[in-house]
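Enquirer: this is a predicted model, with the sequence first.
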Amino acid sequence: MNFHPLKNITVISIEQAVSAPFASCRLADAGARVIKVEREGTGDFARQYDEVVNGQSTYFTWLNRGKESVRVDIKSEEGRSLFLNIIANADVFIQNLAPGALKKLNLHSEALRKNHPELITCDISGYGEEGEYAKMKAYDNLVQAETGLIDVTGDGDMRAKTGISIADISTGMHAYAAILEAILNRKETGDGVSIKISMFDSMADWMMVPWLHQKYGGKAPARTGVHHAAIAPYGPFKTEGGREVMIGIQNEREWVRFCNDVMNGAINPEVDRFSRNSLRVENRDELNALIQRKFSELSYNDVLQRLKEQKIAYASLNSMAEFVDHPQLRLTKVDSEAGTIEMANRPAIFSGFNSTFGPVPALGEHDEKIKKEFEK
């Protein structure tokens with residue numbers, strides 16, 4: 001049996017790219033009926049990002065499973081009528097068009113909620129709807145730059161962006177959580193609510209640790225590449241043959257065991273400059289060099305065995321090729337117009353229930369069905 005607590009919820013989303021599709025995808029995973037409104041012609045431009053997944057876009061395949069696709073020209077009289085008929089039967093409306101785009105058509109959330117006070121609306125923007133930043137285009141890397149994420153990411157003088165669309169994904173997660181809260185609130189009050197979420201605010205929340213360091217400590221954590229900025233040793237080291245193992249020492253008991261039994265006494269855990277974490281961070285380069293010297297003498301398997309025996313936290317620094325075949329990866333099959341594909345299953349496991357995903361829709365796949373259902 002599938003776990004579909006939102007099976008009686010209908011969502012309509014005018015969405016594109018990542019943030020809004022992420023939120024509506026998670027609602028679809030939970031059983032909601034999600035009607036994805038796409039523009040005539042090419043539809044969601046994320047469909048054209050690449051052709052990696054059997055001719056389909058990676059982003060689109062990942063974020064649009066389980067939805068119905070209908071092409072609607074909301075600027076036309078016919079399209080506007082269809083859209084409003086769907087809204088009249090919807091519980092949730094999501095959109096991430098440019099701020100003000102729907103207001104020009106009098107189809108913005110405030111207007112929709114005036115006629116349907118039980119409707120939950122979620123407007124996703126780059127920088128909010130007020131102030132000079134509201135008019136700025138907001139792509140993922142730009143928001144990473146604006147919120148300081150790029151400034152604290154990288155190594156030494158070399159800054160870097162994260163390897164995934166973290167600003168978009170963060171916003172989608174916040175939107176999904178807020179919509180669930182609104183659904184619970186409506187169950188108690190009978191009223192919908194307007195939700196406003198920006199990519200900037202979403203990333204600002206996740207940036208609070210370096211922000212607090214800067215605000216109250218006078219400086220942000222240093223860029224330390226793949227090593228932790230505030231804990232040492234915490235990073236990858238090459239074993240004999242080049243395979244890298246990442247270790248993380250979280251307390252002084254682990255530190256002593258690591259020095260005595262993993263390093264075989266190659267480091268004295270009580271020497272002043274390594275005796276506590278703050279000093280180890282100050283002397284990170286020397287410490288890392290000592291660890292690297294020892295690890296380079298040991299095989300990958302030998303290092304793992306020592307770390308396991310001493311209960312030291314570790315991980316293999318895997319390439320994507322190694323991650324693809326990871327034994328711990330839980331995969332599920334998803335149907336699409338290009339055939340059956342695999343992707344990671346839902347992170348949450350619900351006892352006694354299965355988790356399955358609906359198919360990835362072709363552009364306009366449900367045009368006829370939805371028009372027949374909602375046209376008057």
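Expert: Noted; the coordinates are in hand. These numbers come from a predicted model, not from an experiment.

Enquirer: next, the distance between the ends of stretch 144-155.
Expert: Stretch 144-155 has its terminal residues 16 Å apart, counting by Cα to Cα, to the nearest Å.

Enquirer: distance from it to the middle of the chain?
Expert: From the chain centre to the centre of stretch 144-155 is a distance of 17 Å (Cα atoms, centre = their mean, to the nearest Å).

Enquirer: may I see the buried residues of that stretch?
Expert: Buried positions in stretch 144-155, judged by neighbour count with 16 or more other Cβ atoms under 10 Å: Q144, E146, T147, G148, L149, I150, V152, T153. All C-beta atoms are positioned from the backbone trio N, CA, C, and that covers glycine.

Enquirer: now stretch 334-343
Expert: V334, S336, I341.

Enquirer: which ones are touching the last one?
Expert: Going by Cβ atoms under 8 Å, 6 or more residues apart in numbering, I341 touches V53, N54, T61, K333, V334, V360.

Enquirer: could the buried residues of stretch 334-343 go into TSV alongside distance to L180 and pLDDT?
Expert: Formatted as TSV, the buried residues of stretch 334-343 follow (distance: Cβ to Cβ, whole Å; pLDDT from 0 to 100):
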residue	distance to L180	pLDDT
V334	23	94
S336	27	93
I341	27	93
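
Enquirer: ok, longest helix in the chain?
Expert: When the chain is parsed with DSSP state H, its longest helix is helix 166-189.

Enquirer: return the member of the buried residues of stretch 144-155 nearest to A220.
Expert: Distance to A220 across the buried residues of stretch 144-155 (Cβ to Cβ) is lowest for V152, with 5.5 Å.

Enquirer: the closest one and R223 touch, don't they?
Expert: Yes: at 6.4 Å, V152 counts as touching R223 under the criterion of Cβ atoms under 8 Å.

Enquirer: strands of the stretch 201-350 of the chain, start to end?
Expert: 234-238, 244-248, 313-316, 331-334, 341-344 (DSSP state E, counting those that start in this stretch).

Enquirer: now distance to G43 too, for the ones you listed, in TSV please.
Expert: Below are these laid out as TSV (distance: least, Cβ to Cβ, whole Å):
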stretch	distance to G43
strand 234-238	42
strand 244-248	41
strand 313-316	40
strand 331-334	19
strand 341-344	19
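
Enquirer: nearest to G31, out of those strands?
Expert: Nearest of the strands of the stretch 201-350 of the chain to G31, taken as Cβ to Cβ: strand 331-334 at 15.5 Å.

Enquirer: show residues contacting the closest one.
Expert: 61, 65, 340-345, 355-360.

Enquirer: could you pull out the buried residues of it?
Expert: V334.

Enquirer: now do it: distance to the chain's middle.
Expert: From the chain centre to the centre of strand 331-334 is a distance of 19 Å (Cα atoms, centre = their mean).

Enquirer: partners of that strand in the sheet?
Expert: Its sheet considered, strand 331-334 pairs with strand 341-344 (antiparallel) by DSSP bridges.

Enquirer: and the longest helix of the chain, what does it pack against?
Expert: helix 19-29, strand 92-95, strand 120-125, helix 140-146, strand 194-198, helix 199-206 (3 or more Cβ pairs under 8 Å, 6 or more residues apart in numbering; DSSP states H and E).

Enquirer: right, and those - which one's nearest G242?
Expert: Closest among the helices and strands packed on helix 166-189, using Cβ to Cβ: helix 140-146, at 30.9 Å.

Enquirer: show me what the helix or strand that comes right after that closest one is packed up against.
Expert: Going down the chain from helix 140-146, the next helix or strand is strand 154-155, by DSSP states H and E. Packed against strand 154-155 by the contact rule (3+ Cβ pairs under 8 Å, 6+ apart) you find no helix or strand.

Enquirer: got the contact list for the helix or strand just after strand 154-155?
Expert: Following strand 154-155 in sequence order, the next helix or strand is strand 158-159 (DSSP H and E). Contacts to strand 158-159, defined as Cβ under 8 Å, 6+ apart, come from residues I150, D151, T153, R223.

Enquirer: pLDDT score for the third one?
Expert: According to the prediction, T153 has pLDDT 94.

Enquirer: for the closest residue in space to it that isn't next to it in sequence, give me its contacts.
Expert: Excluding the flanking residues, the one nearest T153 by Cβ to Cβ, 6 or more residues apart in numbering is A160, at 5.1 Å. Going by Cβ under 8 Å, 6+ apart, A160 touches I150, T153, G154.

Enquirer: generate TSV for the buried residues of stretch 144-155, with distance to L290 as supplementary columns.
Expert: Formatted as TSV, the buried residues of stretch 144-155 follow (distance: Cβ to Cβ, whole Å):
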residue	distance to L290
Q144	35
E146	40
T147	36
G148	33
L149	32
I150	32
V152	27
T153	27
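
Enquirer: and of those, the nearest to A98?
Expert: The nearest one, if we look at those relative to A98 and count by Cβ to Cβ, is E146, at 17.1 Å.

Enquirer: so that closest one sits right up against F200, yeah?
Expert: Yes: here E146 reaches F200: they are 6.5 Å apart, a contact under Cβ under 8 Å.

Enquirer: where does this protein have low pLDDT?
Expert: 376 (pLDDT under 70).

Enquirer: quick one: the helices in it?
Expert: Assignment of helices within the chain using DSSP H yields the ranges 19-29, 58-63, 77-87, 109-115, 140-146, 166-189, 199-206, 208-217, 252-257, 277-282, 284-295, 300-309, 320-324, 367-374.

Enquirer: in the longest one, what's buried?
Expert: Translated: helix 166-189. For helix 166-189, by 16+ other Cβ under 10 Å, it's 166-176, 178-180, 182-183, 186.

Enquirer: all good on my end, thank you.
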